[in-house]
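S.K.: With the sequence up front, the predicted model follows.
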Amino acid sequence: MIQVSVSATASAQLYGTKPERQGWYVTPSIAAGGLYEDNVFFVPGSDASSPFARLTPGIEVQYRRRSRSFDAGYNFDAERYPEEFDALTKLFARQEAYGEYEAAVDRRSSIRLAGSFLSTTRPEEVLQDTGLLSTRRLSRSVVASARFARRLSRRLSGEVGYLLSVRDFERPGSEIPTTGGTVHALVTGVSMPISRRTLGTLGYTARLLIPEEVPVASAPSVNFSSHVVTFQIARRVSKQIDLNVTLGPRVSEGLQATPGDVGVLRDFGPEADASIALRAKNKRFELRYTKTQQQALGLGGFTNTERYTFRAVLDPTVRTRFEATPAYYKNERAGIDTTSIQVDMRAQYQFRRSALVEASYRFQYQDRFAFFTTGGIEIVDQSTRRNTFMVSFKLFKTYDMN
């Protein structure tokens with residue numbers, strides 16, 4: 001089925017805290033770590049590098065019953081830099097919260113409600129679907145969704161959902177304090193088995209972007225809209241291999257501010273999402289390609305994103321995990337192309353039931369430098385990159401509240 005979901009950055013479950021039986025569970029946690037970045041402001045040609053310390057308290061709540069479930073969580077990062085970068089020291093450098101409720105209405109119907117909130121000084125976390133990077137500034141994201149699914153007949157299932165996404169980026173100065181936008185999306189789909197291992201879904205998505213900028217004086221409207229019709233094939237190739245392919249045409253329209261011009265832009269193109277996943281006893285691999293309008297910002301409108309990602313997860317032992325996720329992004333927005341590369345690597349060892357240690361590395365590169373203006377993101381022809389290293393120690397304990 002086509003899913004209407006919230007892309008929360010918070011993990012829905014701490015490593016090793018799966019509830020053993022039905023009921024309520026509460027998991028407080030605290031993590032402490034040291035990090036090093038070689039380009040703390042993400043500015044071309046900058047040599048402003050610095051170590052810093054991070055403390056992350058958090059809490060998760062889980063509820064399980066046969067016909068319903070509930071997950072919620074909150075955590076924040078407190079970061080301390082050396083005196084040279086004292087302005088970056090913040091008690092709440094990052095905050096995130098999420099919640100999800102799913103329940104069976106009756107034997108044929110179910111509902112799902114979800115939401116997430118993220119406040120961060122790193123805009124790339126809000127723009128994670130595009131891989132776009134920018135200089136540090138306070139960035140916020142609020143996402144909420146609702147979905148209703150029903151089995152219409154013995155072979156036919158239907159789904160309808162609504163998604164609200166609000167993104168806001170503060171700028172220095174008082175004339176234009178923010179840039180961002182609100183996206184409303186309606187998603188519908190009808191699914192039917194094509195064979196014993198194959199499911200087909202016909203879907204439709206409508207999106208409406210309302211920018212949060214001052215409208216252009218001569219423009220009657222600055223809203224953007226898009227309509228997408230897709231057909232999805234989900235096939236279980238074998239016990240270990242899953243294949244998913246979604247493809248369809250998209251039509252979008254809106255007033256767009258391009259370099260040196262403002263006018264109505266009508267665009268026709270494809271949207272696609274294809275992935276192949278391999279699962280074995282102690283390893284998982286996924287290769288995925290997407291081409292879609294992932295984000296929407298300001299008078300520049302929707303961002304058309306092509307993304308290639310590969311994810312590998314290895315669990316050599318019950319307590320050890322290795323992950324690697326290289327990704328390549330190509331974005332087109334307001335007539336400007338931007339390429340980004342990101343590589344994430346992580347090693348985790350849970351040496352006790354309630355304690356783990358983790359080491360990670362992240363490489364980020366962008367061929368053009370991004371900054372925020374009244375039109376959203378603007379690009380200049382300068383490349384920049386950043387390396388981030390982290391080692392952290394985490395304590396957590398799950399309490400059975402039943």
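M.R.: Thanks, I have the structure now.
S.K.: where along the stretch 101-250 of the chain do the strands fall?
M.R.: 109-120, 139-151, 157-170, 178-195, 198-211, 224-236, 241-258 (DSSP state E, counting those that start in this stretch).
S.K.: so which of those strands gets nearest M401?
M.R.: Across the strands of the stretch 101-250 of the chain, M401 has its closest neighbour in strand 109-120 (21.9 Å, CB to CB). Any C-beta I mention is one placed from the backbone N, CA and C, and that applies to glycine too.
S.K.: what angle do the host helix or strand of T338 and strand 241-258 make?
M.R.: Secondary structure assigned from DSSP states H and E places T338 in strand 336-352. Angle of strand 336-352 versus strand 241-258, following axes from the mean of the first three to the mean of the last three CA atoms, to 10 degrees, is 140 degrees.
S.K.: Can you list the strands that the helix or strand following strand 336-352 pairs with?
M.R.: Using DSSP H and E, the next helix or strand after strand 336-352 towards the C-terminus is strand 355-366. Looking at strand 355-366 with DSSP bridges, its partner strands are strand 336-352 (antiparallel), strand 384-396 (antiparallel).
S.K.: hmm, back to that, would you format the strands of the stretch 101-250 of the chain as CSV with mean neighbour count included?
M.R.: Below are the strands of the stretch 101-250 of the chain laid out as CSV (neighbours: other CB atoms under 10 Å):
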stretch, mean neighbour count
strand 109-120, 18
strand 139-151, 19
strand 157-170, 19
strand 178-195, 18
strand 198-211, 18
strand 224-236, 17
strand 241-258, 18
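S.K.: give me every residue that touches the nearest residue to D273 once chain neighbours are set aside.
M.R.: Of all residues not flanking D273 in the chain, T246 sits nearest, at 4.3 Å (CB to CB, 6 or more residues apart in numbering). Contact partners of T246, counting by CB atoms under 8 Å, 6 or more residues apart in numbering, are 203, 230-233, 271-274.
S.K.: now I276
M.R.: 241-244, 286-287.
S.K.: before we move on, the earlier item: let me have the strands paired with strand 355-366 in a markdown table, extended by mean pLDDT.
M.R.: What follows is the strands paired with strand 355-366, written out as a markdown table (pLDDT from 0 to 100):
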| stretch | mean pLDDT |
| --- | --- |
| strand 336-352 | 93 |
| strand 384-396 | 95 |
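S.K.: quick revisit: put the alpha carbons of the strand holding T338 into PDB.
M.R.: Taking Å, rounded to 0.1, in the frame of the first residue of the first chain, the C-alpha atoms of strand 336-352 are listed here in PDB:
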ATOM      1  CA  ILE A 336      19.600  25.900 -10.300                       C
ATOM      2  CA  ASP A 337      21.100  22.500 -10.100                       C
ATOM      3  CA  THR A 338      23.000  21.300  -6.900                       C
ATOM      4  CA  THR A 339      24.800  18.100  -6.200                       C
ATOM      5  CA  SER A 340      25.400  16.700  -2.700                       C
ATOM      6  CA  ILE A 341      27.200  13.600  -1.400                       C
ATOM      7  CA  GLN A 342      26.800  12.200   2.100                       C
ATOM      8  CA  VAL A 343      28.400   9.100   3.700                       C
ATOM      9  CA  ASP A 344      27.400   7.900   7.200                       C
ATOM     10  CA  MET A 345      29.200   5.100   9.000                       C
ATOM     11  CA  ARG A 346      28.400   3.800  12.500                       C
ATOM     12  CA  ALA A 347      29.700   1.100  14.800                       C
ATOM     13  CA  GLN A 348      27.700   0.200  18.000                       C
ATOM     14  CA  TYR A 349      28.500  -2.200  20.800                       C
ATOM     15  CA  GLN A 350      26.000  -3.000  23.600                       C
ATOM     16  CA  PHE A 351      28.200  -4.300  26.300                       C
ATOM     17  CA  ARG A 352      25.400  -4.500  28.900                       C
END
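S.K.: ok, back up a step: and which of the contacts of I276 is nearest to Y74?
M.R.: For the contacts of I276, the nearest to Y74 is E286 (28.6 Å; CB to CB).
S.K.: in the sheet, who's paired with Q364?
M.R.: Q342, R386.
S.K.: okay, it: pLDDT?
M.R.: In this model, Q364 is scored at 94, pLDDT.
S.K.: So what's the residue count around it?
M.R.: Neighbour count for Q364, taken as other CB atoms under 10 Å: 20.
S.K.: and it, how far is that from G131?
M.R.: Taking CB to CB, to the nearest Å as the measure, Q364 falls 8 Å from G131.
S.K.: got any residues that touch both of these two?
M.R.: 124, 340-342.
S.K.: tell me the two of those residues that are most distant?
M.R.: Spatial extent of the shared contacts of Q364 and G131 (CB to CB) is set by the pair E124 and I341 at 12.5 Å.
S.K.: Can I get the shared contacts of Q364 and G131 in CSV including neighbour count and distance to V142?
M.R.: As requested, the shared contacts of Q364 and G131 are exported to CSV (neighbours: other CB atoms under 10 Å; distance: CB to CB, whole Å):
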residue, neighbour count, distance to V142
E124, 21, 18
S340, 23, 24
I341, 15, 28
Q342, 20, 24
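S.K.: Out of these, flag the one nearest to N402.
M.R.: Using CB to CB, E124 is the member of the shared contacts of Q364 and G131 that lies nearest N402, at 40.4 Å.
S.K.: can you tell me which residues contact that closest one?
M.R.: 131-134, 364.
S.K.: hmm, which of these are the buried ones?
M.R.: 131-134, 364 (16 or more other CB atoms under 10 Å).
S.K.: got any ranges where the chain has weak pLDDT?
M.R.: Scanning the chain for pLDDT under 70 picks out 1-20, 171-178, 213-222, 255-264, 297-300, 334, 370-380.
S.K.: run the last query once more with 80
M.R.: Within the chain, the ranges that satisfy pLDDT under 80 run 1-21, 43-47, 134-135, 170-180, 211-223, 254-266, 294-302, 333-336, 369-381.
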